[in-house]
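Trainee: Following is a predicted model, sequence given first.
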Amino acid sequence: MKLSKIAIGLSIFFTIFSANAKIKVPNASDLPVLKEESQHKTACSRTASYFLRAHYKTVNLDKDFSNNVVKQYLSYLDYNKSIFTKAEVDDIYKNDSKILNAIKECKLDYPFELYNLTIQKRFEKYNYFLKQIESGIDVNTNDTIAFDRTKEDFFQTKEEIKKEWDVELKNEYINLILNGKNEKEAKERLTKRYEAFLSRLSQTEAEDAFSTFENAFASAIDPHTSYLSPVASDNFNDDINLSLEGIGAVLMADDEYTVINSLVPGSPAELSKKVKEKDRIIGVKQADGTYDDIIGWRLSDVVKKIKGPKGTSVTLDIERVDGANTKNFTVTLVRDKIRLQEREAKGEVKEINGNKIGVITIKSFYTDLHKDIDKELTKLKKKNIKALVIDLRSNGGGLLPEATASSGLFIGKGPIVLVRDTLNVLPQIDTNKNTSYDGPLVVLINRLSASSSEIMAAALRDYGRALIVGDTSFGKGTVQQNRPLARVYDFDEDNLGSIHYTIAKFYRINGGSTQLKGVVPDITLPSLVDTTQIGERVEENALPWDKIEPAKYKTYLNIDAYIPRLKLKHEDRIKDNIIFKIMEEELLRYKELRDKKVLSVNLEERRKLKEEDDKIRLENANIRLKDMNLPLIKNIKDLKDDFEFKDVLLLEAAAIANDFADLQKENIYTDENKSIFYQYKDVNSSQDIEKNDKVKSTENVTESK
């Protein structure tokens, strides 16, 4: 079930079964009938109180909202729409009054009833799989499976649902065959997988049902609001305090799978270069040899398995879905303790046409980041850099004060971001009038640059201090607060969890929000991911974009004036660049495959598709290796999982920074009227403040792009 994300700081795993132990497969009579427990009434009441009274968004408990809660609840209970019929779903929607009563009056009977029904239906589904494995799996038909069932409607009949189960089983079987398993091995693996899932069903707890419904309520408000169970709250607090020891990953439950949502910078998982976001963890092996197939496990149990003392090792079975291909491999990681210093900003120098371009990579906005950036700037300036690139790619954010202080290193004092809660607009101001670097500046972002990254990029762009290159950022312009549900007078506060909810929104100093729209680059670089599937704009119930009155600030350069010539230079440089063409072709190939909407579950067709895909990947890999003057490979499997190709996006950002520095040095950039485009403007004033006697432009460049 797609249920929650748990930041485990440096760990991941699940409850232990011996590799040789026989899993007890439950009967229908072994399934639990869950009922609310005493603490749930208190947790429900307090959760509703905060969400309805303290949330940034006003919530109206009407039929529309109850329908939204039902939609979210069903997405957790039946993510792939393969257990409930359309008629059953319609009946659930008709019970809107029971859903509202569960929220307002904490009458939880109906949500628990639906959860119990889901357990029974999942029991039926996986028993069906086991019977089909025994009778044989026919992969010589012309059947297909949808790439994404979540966008389809629910099936009309149980017969249609069973046909879907058939193609799901075939797809799982084919994936194992194409990854080196023979028929017997594939069937044994699937049998163990589904028996383990059935075993987990029999161990479902009341907290699972309660958490699922409360999170349906939360996500119906906005995607960053959630309820955390007592166990999830402990994990959250551990992550905040950086006290965990493990491998360093943020996990997400996605239907039966445990998926890596993100990697903690500087962690064993991130440093290995072998695992990446969206990888599925399907099995875990401990140092003593005990192994577990974890498909279908509860996320909290997976976390317990991966946690462990510093210095101990753990081996993960990884399944990576890449277009039509599914690759399986193992990764052994040594658990460690994550420390903030392992995320430190790092500076380096890139040579571009004989010129030194500085690069500072920032992975997160941690405590004292601005001090580390300042140190790196001092080192880079001693190397006489011509320009600077700040690399914020895949930086998910962090501490707001650090975003303010770090941005302030590149401007004189002034506002960096505006924060609006339900009552006030509070500007976050850099009070240091000194600058650590005042030269040509480029900020590199991608779709995974979010929150504080967007604040920094937007502020430097609005001040006219930096050119933005890359891809449009994530678009998360909201502020969350975590609050425990327990109170000082509670007798047993350990039974209560916590909540995470939105309390404010971020706004650029020009008045526009970063919410949904994100920060749009001045020069777009090819993306490594399908950006149509990622970002706040694709999240359900995301808060809308809006704008407020701008802050009072002064701009340095009219960045817009430089963009046309910089784009021409950039386009001329990459037009014959084979690596950029490969990147675009690979993404286009993925989109074309996805747009077909279905995938064959005929083994030979899939084998041909895999061979074709492997051939293209091999050709592209060898082109990149040749570009790096490295030996070519004969098989795509010969390329190590942790191998890193040349970072052409960073090199191109550095080349753009070099061009930017040249144009600023010329000091004669002109528009069609041959006017000089330097300016220094107070946006709340109708008059420009001349920086020198060449200032002629009156264009206000502080509007949102």
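Mentor: Done, it's in. Predicted model, so just to flag it, every value in this text is computed and none were measured.

Trainee: dump the residue contacts of residue 141.
Mentor: Counting by CB atoms under 8 Å, 6 or more residues apart in numbering, residue 141 makes contact with 601, 602. No exception for glycine: its C-beta is placed from N, CA and C like everyone else's.

Trainee: Recalculate using a threshold of 10 Å.
Mentor: 166, 167, 170, 600, 601, 602, 603 (CB atoms under 10 Å, 6 or more residues apart in numbering).

Trainee: cool, and residue 517?
Mentor: By CB under 10 Å, 6+ apart, the neighbours of residue 517 are 454, 472, 473, 475, 477, 508, 535, 536, 537, 545, 704, 705.

Trainee: so which strand or helix has it?
Mentor: Here residue 517 sits in a region with no helix or strand, counting by DSSP states H and E.

Trainee: roughly how far apart are it and residue 162?
Mentor: 44 Å (CB to CB, to the nearest Å).

Trainee: Is residue 285 part of a helix or strand, or is it coil?
Mentor: strand (DSSP: H, G, I helix; E, B strand; the rest coil).

Trainee: Pull up the gap between it and residue 300, please.
Mentor: 20 Å.

Trainee: out of those two, which sits in the more crowded spot?
Mentor: residue 300 (21 against 17; other CB atoms under 10 Å).

Trainee: Skip the chain neighbours and tell me the closest residue to that one.
Mentor: Closest residue to residue 300 apart from its sequence neighbours, by CB to CB, 6 or more residues apart in numbering: residue 231 at 5.0 Å.

Trainee: Report the contact partners of that neighbour.
Mentor: 6, 207, 211, 298, 299, 300, 301, 303, 304, 497.

Trainee: Same question for residue 205.
Mentor: Residue 205 neighbours (CB under 10 Å, 6+ apart): 32, 34, 37, 211, 229, 298, 300.

Trainee: Among these, name the ones in helices.
Mentor: Residues of the contacts of residue 205 located in helices (DSSP state H): 211, 300.

Trainee: and the strand or helix carrying residue 654, which residues are buried?
Mentor: Assessed by DSSP H and E, residue 654 sits inside helix 648-666. Buried residues in helix 648-666, counting neighbours by 16 or more other CB atoms under 10 Å, are found at 648-663.

Trainee: which residues in the stretch 101-250 of the chain form strands?
Mentor: 144-146, 226-228, 245-246, 249-254 (DSSP state E, counting those that start in this stretch).

Trainee: Quick check: which ranges of the stretch 601-705 of the chain have low pLDDT?
Mentor: Within the stretch 601-705 of the chain, the ranges that satisfy pLDDT under 70 run 667-705.

Trainee: ok, which stretches of it are helices?
Mentor: Here the stretch 601-705 of the chain has its helices, by DSSP state H, counting those that start in this stretch, at 603-627, 648-666.

Trainee: Select, out of the ones you listed, the one closest to residue 59.
Mentor: helix 648-666 (41.3 Å; CB to CB).

Trainee: Just the angle for that closest one relative to helix 603-627, thanks.
Mentor: Orientation check (axes from the mean of the first three to the mean of the last three CA atoms, to 10 degrees): helix 648-666 against helix 603-627 gives 40 degrees.

Trainee: so what secondary structure elements neighbour helix 648-666?
Mentor: Applying 3 or more CB pairs under 10 Å, 6 or more residues apart in numbering; DSSP states H and E, one finds that helix 648-666 contacts strand 346-352, strand 355-361, strand 387-391, strand 441-445, strand 467-470, strand 523-524, helix 559-574, helix 578-595.

Trainee: Could you list the buried residues of the third one?
Mentor: Counting neighbours by 16+ other CB under 10 Å, one finds that the buried residues in strand 387-391 are 387, 388, 389, 390, 391.

Trainee: Compute the number of surrounding residues for the closest residue to residue 227 other than its chain neighbours.
Mentor: Using CB to CB, 6+ apart and skipping the chain neighbours, the partner closest in space to residue 227 is residue 214 (3.8 Å). Residues lying near residue 214 (other CB under 10 Å) number 26.

Trainee: I figured residue 214 hits residue 45, correct?
Mentor: No. If you go by CB atoms under 10 Å, residue 214 and residue 45 don't touch, sitting 11.3 Å apart.

Trainee: so where does the nearest residue to residue 197 once chain neighbours are set aside fall, helix or strand?
Mentor: Spatial nearest neighbour of residue 197, excluding adjacent residues (CB to CB, 6+ apart): residue 296 at 2.8 Å. Here residue 296 sits in a region with no helix or strand, counting by DSSP H and E.

Trainee: what residue ranges in this structure are flagged as low confidence?
Mentor: In the chain, residues with pLDDT under 70: 1-23, 233-245, 254-256, 323-324, 338-343, 491-494, 667-705.

Trainee: ok, longest helix in the chain?
Mentor: helix 109-135.

Trainee: Give me the buried stretch members for that helix, please.
Mentor: 110-116, 118-119, 121-123, 125-130, 132-133.

Trainee: Equivalent analysis for stretch 148-167, please.
Mentor: Here stretch 148-167 shows 149, 154, 155, 161, 164, 165, 166, 167 as buried, counting by 16+ other CB under 10 Å.

Trainee: Just flag the most distant two among the residues you listed.
Mentor: 154 and 166 (17.4 Å).

Trainee: Give me the number of neighbouring residues for residue 420.
Mentor: Residue 420 has 17 nearby residues by other CB under 10 Å.

Trainee: what sits against it?
Mentor: Here residue 420 is in contact with 56, 426, 479, 504, 505, 506, 507, 513, 546, 548 (CB under 10 Å, 6+ apart).

Trainee: Neighbour-wise, which one of those leads?
Mentor: Neighbour max across the contacts of residue 420 (other CB under 10 Å) = residue 507, 26 neighbours.

Trainee: so how far is residue 38 from that residue?
Mentor: Distance from residue 507 to residue 38, by CB to CB: 44 Å.

Trainee: the strands in the stretch 401-550 of the chain, which residues?
Mentor: According to DSSP E, counting those that start in this stretch, the strands that the stretch 401-550 of the chain contains are 414-420, 425-430, 441-445, 467-470, 478-484, 498-507, 523-524.

Trainee: Tell me what angle the first one forms with strand 425-430.
Mentor: In terms of direction (the same axes, to 10 degrees), strand 414-420 departs from strand 425-430 by 150 degrees.
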